[in-house]
Structures are given as C-alpha cells and as structure tokens.
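**Student:** Quick one: sequence and predicted model below, then my questions.
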Amino acid sequence: MKKSLIGLVMVLVLCSTARGGNTFGISVIGNYMVPSDADYKTIYGEGMIYPELKIEFNVFKGFSLWLGYGYLTADGIIPILEDEAKSNQHHLSVGAGYVLKFFNFMGLKIQLGSFNVYYSEKSVDIEETGMAFGYRADLGLMFYMGNNFFMGLSGGYMNASKTLYGRSVKFGGFKGGLEIGIAF
C-alpha cells in the first residue's frame, strides 16, 4: 500500500514538471468534522478537528485528480461503564475534481472521491482494528494569491460504514475546513 502511494505521488510530480505551469498542487487543510455515528458522538464528542494533506494534479483545463490523507484521533469516556476509550482513524481518499474560476483570483472547487478509513479503537481491554470503504464529496471556494499560492474554505460529507457485532458503524460525517496551499 505504501509503495503504491509513493509511486503515485512520484508519477504525479514527474508529470507536472514535464508539462510546466501550475499543474501540481499541495495543500494542508484544517477540518472540523461532525461525526455521523450517534455512538461515536456520545463517546468522543459532537465535533472534532483533524488535519488533512491533499495533493492535486491538474489534468486538463480545471479538471484534476487528487489524493488526500487525514488523521483523526479522539479520546472519550464510555457512558455507564465510565471507562476511557481511544479512537484513531487514517483517512485515505482518491478522486477527481473541477475548478471553475471567476475573476482570475477566485474559483469554485467541486471534488468527488473514495473515502477509505483504517481505524483502531481501544476501550476497556478490547482493541478493534479494521477498514471501511465509502465515498466523499467536497465543495469549496478558492482564493488565488498570485500564480503559486492559494487558500480556500470548504465543506463536504464523508461516509463509510461497516457492520461490527451485528450493528452498522458509520465513519465520517459533515465537515468544514480551511485550506492553504502552493501550486507549481
């Protein structure tokens, strides 16, 4: 998995340097997410902040391919038992998008893709690990500062689910974020 991810990033970098212009971008996003799973909210809280790194490759006139990685960790208390719980999630996403520019300094970004969650949850003396697959959709307002820098405000929804112990568990939820990046 790690080798294929590194290989994909290297191919995107090589393609962007061969084409010239702003075809490759890297951004860091600070997200605030409201989880969609009611039990997760009860244990870990109504909302949480998590970082995300996104790499984008402009394929053709505003159309792009992107790769994203986010890491979410939360500590909580299990009601009734009053025991501590810890959740770690690695979010890996791949997708396509489009940016519609207006006024040369602003644009509307639409992105759709897969949402893959690798999770680990520890509570009492039990540790549950695994993965779940789903989808995500993002919509953002981008601001371009010169040729190489950009920032944006985004909102979206991520959804993945898995059946554990006869119950459907949801990962993801609604999110909003602040993005800053560089294009080359």
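**Tutor:** Cool, the structure landed.

**Student:** Return the residues in contact with the closest residue to D37 other than its chain neighbours.
**Tutor:** Of all residues not flanking D37 in the chain, K170 sits nearest, at 4.1 Å (Cβ to Cβ, 6 or more residues apart in numbering). (C-beta placed from N, C-alpha, C; glycine too.) By Cβ atoms under 8 Å, 6 or more residues apart in numbering, the residues touching K170 are 35-37, 40, 159-161.

**Student:** W66 now?
**Tutor:** Shown in contact with W66 (Cβ under 8 Å, 6+ apart): 54-57, 93-97, 111, 113.

**Student:** how about the helices of the protein, start to end?
**Tutor:** Ranges of helices in the chain, per DSSP state H, are 2-19, 38-44.

**Student:** quick one: average confidence on the first one?
**Tutor:** Averaging pLDDT along helix 2-19 gives 51.

**Student:** cool, and stretch 177-184?
**Tutor:** Stretch 177-184 comes out with an average pLDDT of 93.

**Student:** can you check stretch 157-174 too?
**Tutor:** 90.

**Student:** Name whatever forms a beta bridge with the nearest residue to D39 once chain neighbours are set aside.
**Tutor:** Sequence neighbours aside, V169 is the residue nearest to D39 in space, at 7.8 Å (criterion: Cβ to Cβ, 6+ apart). Counting by DSSP bridges, V169 forms beta bridges with K162.

**Student:** still on that earlier bit, closest to Y119 out of the contacts of K170?
**Tutor:** A160 (9.4 Å; Cβ to Cβ).

**Student:** I'd say the closest one and G113 touch.
**Tutor:** No: counting by Cβ atoms under 8 Å, A160 does not reach G113; the two are 11.9 Å apart.

**Student:** These two: who's more crowded?
**Tutor:** Neighbours per residue (other Cβ atoms under 10 Å) separate A160 from G113, with A160 holding more: 22 against 19.

**Student:** Quick check: the more buried one vs Y69, distance?
**Tutor:** Going from A160 to Y69 by Cβ to Cβ, to the nearest Å gives 15 Å.

**Student:** what do you get for R167?
**Tutor:** 28 Å.
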